[in-house]
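Novice: After the sequence you'll find the predicted model.
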There are 2 protein chains.
Amino acid sequence: MPETIERKELEDLQEDLREVQELLRRQQLVEGLVERQERMANRELVEQLVHRQHLAELGRKLEGMHPADIAYILEALPLDERLAVWELVKADRDGEILLEVSDAVRETLIRSMDSHELLAAAEHLDADEIADLAPDLPADVLQGVFRSLPVEEREELRAAMSYPEDSVGALMDFEEISVREDVTLEVVTRYLRRFEELPDHTDQVFVVDRDEQLKGVLPISKLVVTDLDALVRDAMVTDYVALYPDDKAQDAAQAFERYDLVSAAVISSKGKLIGRVTVNAVVDFIRARSEAQQLAKGGLREGEDVFAPVWQSVKNRWTWLAINMVTAFIASRVIGLFEGSIEKLVALAALMPIVAGIGGNAGNQTITMIVRALALGQVGDEQSRQLLRKELGVAVVNGLIWGGVLGLVAYWLYGSMPLGLVMTAAMTLNLLLAALAGVLIPVVRMRLGFDPALGSSVMITAFTDSGGFLIFLGLATIFLL
Amino acid sequence: MPETIERKELEDLQEDLREVQELLRRQQLVEGLVERQERMANRELVEQLVHRQHLAELGRKLEGMHPADIAYILEALPLDERLAVWELVKADRDGEILLEVSDAVRETLIRSMDSHELLAAAEHLDADEIADLAPDLPADVLQGVFRSLPVEEREELRAAMSYPEDSVGALMDFEEISVREDVTLEVVTRYLRRFEELPDHTDQVFVVDRDEQLKGVLPISKLVVTDLDALVRDAMVTDYVALYPDDKAQDAAQAFERYDLVSAAVISSKGKLIGRVTVNAVVDFIRARSEAQQLAKGGLREGEDVFAPVWQSVKNRWTWLAINMVTAFIASRVIGLFEGSIEKLVALAALMPIVAGIGGNAGNQTITMIVRALALGQVGDEQSRQLLRKELGVAVVNGLIWGGVLGLVAYWLYGSMPLGLVMTAAMTLNLLLAALAGVLIPVVRMRLGFDPALGSSVMITAFTDSGGFLIFLGLATIFLL
């Protein structure tokens, strides 16, 4: 990587994107021209001169860009243009770029590479980075990579691949620097000078004893301001955050956030230093998790390449549509039970979606609140009861206000006071149901060990739809017919 | 802050929370006891001995905790217990803790403090931190804080308060260290040694000329490994990220993420160094933004204190419920148009929510995808058209699959082939409408300068509900009656 690689803000990056697109477009014009020329005669001249000239210009442009920025541009391009750009990227940067692109785009890039290219790409990566790519690599390539590594890195790769995706082990890298506690800072400084460059995010070195047991940490900022004759033992900080590789990544992220960490040691259950987690891995994790949550709420299994073929998108989205179809079918059968009532009083058909819809909206508000509180681990038994009381209170107030308004609207539209009263009562009851389900669904899911957020919106809507229809049509059948 | 403050993982923190609650409970038992004793006689003995003993124990417990952890515990406690704990926290830590708690909880804490206490709390904070608290402070307190600051910090506070909430200026702090380019690293090292401790997240010092113009950055890790006789000019890195205070915080966050930064310089439009942004501010921003998005999707204006009074929660949630009521009312009137048809064929009433519901679900999937792509700035004119084509393709496939299934279900339930065909056609058309609205709503909102995510779910549901009813009942009226 040349030292002059530019780092850009989003606007400049969008400018770059437009420029790449422009170059590609010119390239395509040329290709069209070449094709037409082919049918005529002197194609070689055109191809060699004009065609290559644009590609070279594009290549130079990419040369000066940061891997993360190339990843950004690759993601923003449709498949054929994306692969054209990918072809131009220098092979020794392939690995870094593969790490930066989204999973869906990574798949398309890897599919375009042969085993040889993939092996070459992996060569420039650290063990923990290869572990990140591993799930997307063909088995034979992974085998090859494995064999090509020195023994120590092979062990690291094996270790990194053994941890589940959302554990600290998966965020860990092996670039930690460790020193002994019985040497002076002078010695540490000399040791550090032997590095050409310290690993990224080295804000501290780790102090270990003979058996690699972690004893403390020595912040670089402390190393810089402390007398060099001091012993590491006296300068080191013994109050540090150490993580275990089996800890949840989410908990580690909260620790980084709460304590404003740049790096943290990862130790084995016996206290041996085995690696470190850095803030950039944590930032990526936080971002990916928040995105996954947003996608899950929308009923998408994973991030979609925006230019994915239609069929792939259909597959990505079908699960929730299917679940939604089942819940909608149940709600429909609830209405089916009351077809007799609707035939007699057709106004019910027009009013029932309001009861169900507003219940769903209120239920989603409740569940959003509770899921958030649960994620922070702030909800115990005592608090669940308090929250339930509060949400039921909110439901009664909202039921009387909005139910009252809707009752008046129903009265105004259909001139029937009893219909208005049924509307108000149904709204209030459905909001109470929404509050109850909104608190209990995530709390129970949490107790059972499931992610309380996943599918919460579909479930609460199922309750408030079927429940709303049942309550409204039931009350109407009892009191109006 | 004593050096021995422990840093904990979530589990230990929950343990702490339980312990604090236990101490509070004992405390309450004692208070109950004291009350009963009061009615009897020797209350003083009990009060002085037992009562104070528990408070002292709780106080000691809090003493050893990190401000962020105390904030966590305050958030997890109901109001009365929260204020009891808040009373016990040493006054010189109030400011730090106020910075850590959520907005809603901060309000309850500030309301319990008088001007004197608030002034004292602000005393221990930096200018940029005071700026974060400023919106919640009473005007007279803010005035007092202002007057109490030295001139330089007063300027910093004025500057920090002048930037909008989601700008780089709001994330900025003023703890940057700057050096000149014509000195040796030896001189820099000696200069740094004069600090007792470097400011947190000092991974680099900034190189400026006589006029405070930023010339480059000197990473501490480079300072550590480079020969001390070298000049700063030769050791410094000139390829660095510099932000402007008016840049969007979101763009800065993406730069931190893309380039794995720990800190970045903030410069004026004339290139003068005015501050820095550190990764911890960025992490907090990313987290807060993702939370705000989740809350907004659920129709909540802001994070609610989970123990907020009912009335406050009602106020926080009413806007979206009101909007939802309007859209539900419109959908209801669409149904009202077809009451005659429903009277003749009551099956329509039972089937119509399925068409609307699945359309809403599919529309939400599309809009989630598009909003994500828009947020990354990867969607231009050309891409919008491609995306629209793709989403319409997905809609046709889904319409034929799911619409086909539902058509069969309708045929099976009601034994009418034409009804089944209308169902399939209506599903397909409503999914096409969902795809169209799902792409166009966020793209148009973006063009008009609005946040494409805000309220997207309510809007798409309004389209697919009213549209779904209209399409299904309309087709049924034309072809079945």
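Specialist: Done, it's in.

Novice: which residues touch stretch A:100-115?
Specialist: Contacts to stretch A:100-115, defined as Cβ atoms under 8 Å, 6 or more residues apart in numbering or on different chains, come from residues A:67-68, A:70-71, A:74-75, A:79, A:82-83, A:86, A:94, A:97-98, A:118, A:121, A:133, A:136-138, A:140-141, A:144, A:302-305, A:308, B:258. Quick note: C-beta positions are derived from backbone N, CA and C, even for glycine.

Novice: Swap in 7 Å and give it another go.
Specialist: With contact meaning Cβ atoms under 7 Å, 6 or more residues apart in numbering or on different chains, stretch A:100-115 is reached by A:67-68, A:71, A:74-75, A:79, A:82-83, A:86, A:98, A:118, A:136, A:140-141, A:144, A:302-305, A:308.

Novice: Quick check on these: which are buried?
Specialist: Those of the contacts of stretch A:100-115 that meet the buried threshold are A:67-68, A:71, A:74-75, A:82, A:86, A:98, A:118, A:136, A:141, A:144, A:303-305, A:308, by 16 or more other Cβ atoms under 10 Å in any protein chain shown.

Novice: among those residues, which one has the lowest pLDDT?
Specialist: Sorting these by pLDDT puts A:Gly303 at the bottom of the list (69).

Novice: Which positions in the stretch 351-481 of chain A make contact with chain B?
Specialist: Within the stretch 351-481 of chain A, the residues that sit near chain B (Cβ under 7 Å from any Cβ of the partner chain) are A:351, A:353-354, A:357-358, A:361-362, A:364-365, A:368-369, A:372-373, A:377-378, A:386-387, A:390, A:393-394, A:397-398, A:402, A:409.

Novice: what about 6 Å?
Specialist: For the stretch 351-481 of chain A, the contact set with chain B under Cβ under 6 Å from any Cβ of the partner chain comprises A:353-354, A:357-358, A:361, A:364-365, A:368-369, A:373, A:377-378, A:393-394, A:397.

Novice: of all those residues, which comes closest to A:Glu197?
Specialist: A:Gly377 (39.3 Å; Cβ to Cβ).

Novice: so where's the stretch 251-400 of chain A uncertain?
Specialist: By pLDDT under 70, the weakly predicted segments of the stretch 251-400 of chain A are A:298, A:301-303.

Novice: where's the most centrally placed residue in chain A, which helix or strand?
Specialist: In chain A, the residue lying closest to the centroid (Cα atoms, centre = their mean) is A:Ala288, at 2.2 Å. Counting by DSSP states H and E, the element that carries A:Ala288 is helix A:279-297.

Novice: Give me the contacts around that helix.
Specialist: For helix A:279-297, contacts defined as Cβ atoms under 6 Å, 6 or more residues apart in numbering or on different chains pick out A:171, A:249, A:253, A:256, A:262, A:453-454, A:457, B:257, B:260, B:279, B:286, B:290.

Novice: Serialize these to JSON lines and add fields for secondary structure and distance to B:Ser269.
Specialist: Listed next are these as JSON lines, based on DSSP: H, G, I helix; E, B strand; the rest coil; distance: Cβ to Cβ, whole Å:
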{"residue": "A:Leu171", "secondary structure": "helix", "distance to B:Ser269": "38"}
{"residue": "A:Ala249", "secondary structure": "helix", "distance to B:Ser269": "40"}
{"residue": "A:Ala253", "secondary structure": "helix", "distance to B:Ser269": "35"}
{"residue": "A:Phe256", "secondary structure": "helix", "distance to B:Ser269": "33"}
{"residue": "A:Val262", "secondary structure": "coil", "distance to B:Ser269": "30"}
{"residue": "A:Ala453", "secondary structure": "coil", "distance to B:Ser269": "43"}
{"residue": "A:Leu454", "secondary structure": "coil", "distance to B:Ser269": "46"}
{"residue": "A:Ser457", "secondary structure": "helix", "distance to B:Ser269": "45"}
{"residue": "B:Glu257", "secondary structure": "helix", "distance to B:Ser269": "25"}
{"residue": "B:Asp260", "secondary structure": "coil", "distance to B:Ser269": "27"}
{"residue": "B:Val279", "secondary structure": "helix", "distance to B:Ser269": "24"}
{"residue": "B:Ile286", "secondary structure": "helix", "distance to B:Ser269": "26"}
{"residue": "B:Ser290", "secondary structure": "helix", "distance to B:Ser269": "30"}
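
Novice: And these, which two are furthest apart?
Specialist: Farthest pair in these (Cβ to Cβ) is A:Val262 and A:Ser457. Separation: 36.3 Å.

Novice: For my notes, confirm A:Glu186 occurs in a strand.
Specialist: No. Secondary structure of A:Glu186 (DSSP: H, G, I helix; E, B strand; the rest coil): helix, not part of a strand.

Novice: what sits against it?
Specialist: Neighbouring residues of A:Glu186 by Cβ under 6 Å, 6+ apart: A:Leu228.

Novice: at 10 Å instead, please
Specialist: Neighbouring residues of A:Glu186 by Cβ atoms under 10 Å, 6 or more residues apart in numbering or on different chains: A:227-230.

Novice: how would you label A:Leu273: helix, strand or coil?
Specialist: strand.

Novice: Then the one 4 residues further on?
Specialist: At A:Val277, secondary structure determined by three-state DSSP is strand.

Novice: Now do it against B:Gln254, distance only.
Specialist: Using Cβ to Cβ, to the nearest Å, one gets 21 Å for the distance from A:Val277 to B:Gln254.

Novice: what about the two, which has more around it?
Specialist: Legend: neighbour count by other Cβ atoms under 10 Å in any protein chain shown for A:Val277 and B:Gln254, higher for A:Val277 (30 against 22).

Novice: ok, that one to chain B distance?
Specialist: 13 Å (Cβ to the nearest Cβ, to the nearest Å).

Novice: Who does that residue form a beta bridge with?
Specialist: With DSSP bridges as the criterion, A:Val277 is bridged to A:Ala264.

Novice: Surely it touches A:Val241?
Specialist: Yes. Under the criterion of Cβ atoms under 10 Å, A:Val277 makes contact with A:Val241 at 9.4 Å.

Novice: any common contacting residues for those two?
Specialist: Residues touching both A:Val277 and A:Val241 (Cβ under 10 Å, 6+ apart) are A:252, A:255-256, A:261, A:263-265.

Novice: Which one of these is nearest to chain B?
Specialist: The shortest gap between chain B and any of the shared contacts of A:Val277 and A:Val241 belongs to A:Ala255, at 5.9 Å (Cβ to the nearest Cβ).

Novice: what about the closest one, helix or strand, and which?
Specialist: With DSSP H and E as the criterion, A:Ala255 is inside helix A:249-259.

Novice: so what's the closest residue to A:Ala249 other than its chain neighbours up against?
Specialist: Of all residues not flanking A:Ala249 in the chain, A:Asp166 sits nearest, at 4.8 Å (Cβ to Cβ, 6 or more residues apart in numbering or on different chains). Listed by Cβ under 10 Å, 6+ apart, the contact set of A:Asp166 reads A:248-250, A:285, A:288-289, A:292.

Novice: ok, now A:Ile323?
Specialist: Contacts for A:Ile323 (Cβ under 10 Å, 6+ apart) come out as A:299, A:455, A:458-459, A:462, B:361.

Novice: Show me how the record splits chain A into domains.
Specialist: Per automatic domain parsing, the structural domains of chain A span A:10-163, A:178-297, A:310-480.

Novice: and among these, the most buried is which?
Specialist: domain A:310-480 (a mean of 21; mean count of other Cβ atoms under 10 Å in any protein chain shown).

Novice: which residues in the stretch 201-350 of chain A form strands?
Specialist: Under the criterion DSSP state E, counting those that start in this stretch, the stretch 201-350 of chain A contains strands at A:204-208, A:214-219, A:242-243, A:263-267, A:273-278.

Novice: Now do the last one: which elements does it pack against?
Specialist: Meaning strand A:273-278. With contacts taken as 3 or more Cβ pairs under 10 Å, 6 or more residues apart in numbering or on different chains; DSSP states H and E, strand A:273-278 sits against helix A:151-162, helix A:168-171, strand A:204-208, strand A:214-219, strand A:242-243, helix A:249-259, strand A:263-267.
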